[in-house]
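> Quick one, structure for this:
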Amino acid sequence: MNSPRRGRSIGRIVLYVCLIAFAAFLLVPFFWMIMSSLKRNIDVFSVPVRWIPQVFQWHNYVDIWTQADMATWLKNTIILSVVVTFLQVLTGSFAAYGFARVRFPGRDALFLAYVATIAVPWQAYMIPQFILMTKIHLTGQWLWPIIVLQAFGAFGVFLMKQFFETIPEELSESARLDGLSEYGIWWRIMLPLSGPALASLALLTFVTTWNDYMGPLFYLRDRAYFTIQLGLKTFQADPQGSSLDALLFTGSVLSVLPIAIIFLAGQRFFIEGIATSGLKG
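Have a look, this model is predicted:
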């Protein structure tokens, strides 16, 4: 009687130990980044390696603001991430409602073709996109080219459509009988019931936009419009950047911190949204 129970307990302990070891392995680079941000510049890549600084250089978190344009980079990144997230949630949920609830000829084929674009790597069409943005004179104009290109996302449409299909169709039918238009059904019924899916889409979009490097590298020319990822890269490439390794790690910590806070705060909604949208397999 006790043998199966003991076997399950041992198996659970082994599983927990493996999970803790794997989590620790994933956290090692972040620990190294944080510790390096508190070292002197000459100690970051010293030999032998010192994981813990002898004296914590807390002033690095003040120096990065004076020696790099962190305020501008953060401001641009926040604006870009918020605007793109809002537009993707708006357009994604609106298009998803049409695919999930509005019947029209070729709906399924159009949805399949649109979602299939997820499988196409960005490298395959980045040059045509750049040519298009150049032709319409958006390249180098504030953050507009990135906003225009990222305002729509096939993954967001797919995610929201999967969630909308879990909402009973009777709610939409009752609303139509009461005289509510399709726009009203989407706005007054579907969106209020889609909180977890909307939160998941917003979280994924915000994190992706915040961490984007290639988009800003392609389309941003004026240093006043640089995002934090592009700004840190230019700071590293600066002639004196090689002697400011600790400050580079400090900037990296500042760039990761908002994303970590947002993800930890919204992970409950993210898990719930993924589970209820049918993406869990």
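
> what's near enough to touch the residue most central in space within the chain?
Nearest to the geometric centre of the chain sits residue 207, at 1.8 Å (CA atoms, centre = their mean). Neighbouring residues of residue 207 by CB atoms under 8 Å, 6 or more residues apart in numbering: 259, 262-263. (Each C-beta comes from the backbone N, C-alpha and C, glycine too.)

> Please name the nearest non-neighbouring residue to residue 185.
residue 175 (4.9 Å; CB to CB, 6 or more residues apart in numbering).

> Give the burial count for residue 188, as a bare number.
Applying other CB atoms under 10 Å, we find 13 residues neighbouring residue 188.

> Any figure for the gap between it and residue 170?
Applying CB to CB, to the nearest Å, one obtains 16 Å for the distance of residue 188 from residue 170.

> try residue 141
With distances taken as CB to CB, residue 141 is found 48 Å from residue 170.

> if we can go back for a sec, tell me the one among the contacts of residue 207 nearest to residue 17.
Closest approach between the contacts of residue 207 and residue 17, by CB to CB: residue 263, at 25.3 Å.

> residues contacting residue 59?
Per CB under 8 Å, 6+ apart, neighbours of residue 59: none.

> For residue 245, see how far away it is.
Between residue 59 and residue 245 the computed distance is 15 Å (CB to CB).

> and if you look at residue 76?
The separation that residue 76 has from residue 245, given CB to CB, amounts to 24 Å.

> More neighbours: which of the two?
In terms of neighbours (other CB under 10 Å), residue 76 is the more surrounded of residue 76 and residue 245; the figures are 22 against 19.

> Which parts of the stretch 101-250 of the chain are helices?
With helices called from DSSP state H, counting those that start in this stretch, the stretch 101-250 of the chain shows them at 107-116, 126-135, 144-150, 154-164, 169-177, 182-185, 195-210, 214-219, 228-237, 245-276.

> quick one: which of those helices is nearest residue 89?
When those are compared for distance to residue 89 using CB to CB, the nearest one is helix 195-210, at 5.4 Å.

> List the buried residues in the closest one.
Residues of helix 195-210 classed as buried: 196-210 (neighbour count, 16 or more other CB atoms under 10 Å).

> Tell me where the chain is predicted with low confidence.
For the chain, the stretches flagged by pLDDT under 70 are 1-4, 7, 237-243, 269-281.

> Got the domain ranges for it?
The record, using automatic domain parsing to delimit domains, assigns the chain the ranges 3-37, 61-277.

> from the ones you listed, which stretch is densest packed?
For the domains of the chain, ranked by mean neighbour count under the definition mean count of other CB atoms under 10 Å, the leader is domain 61-277 at a mean of 17.
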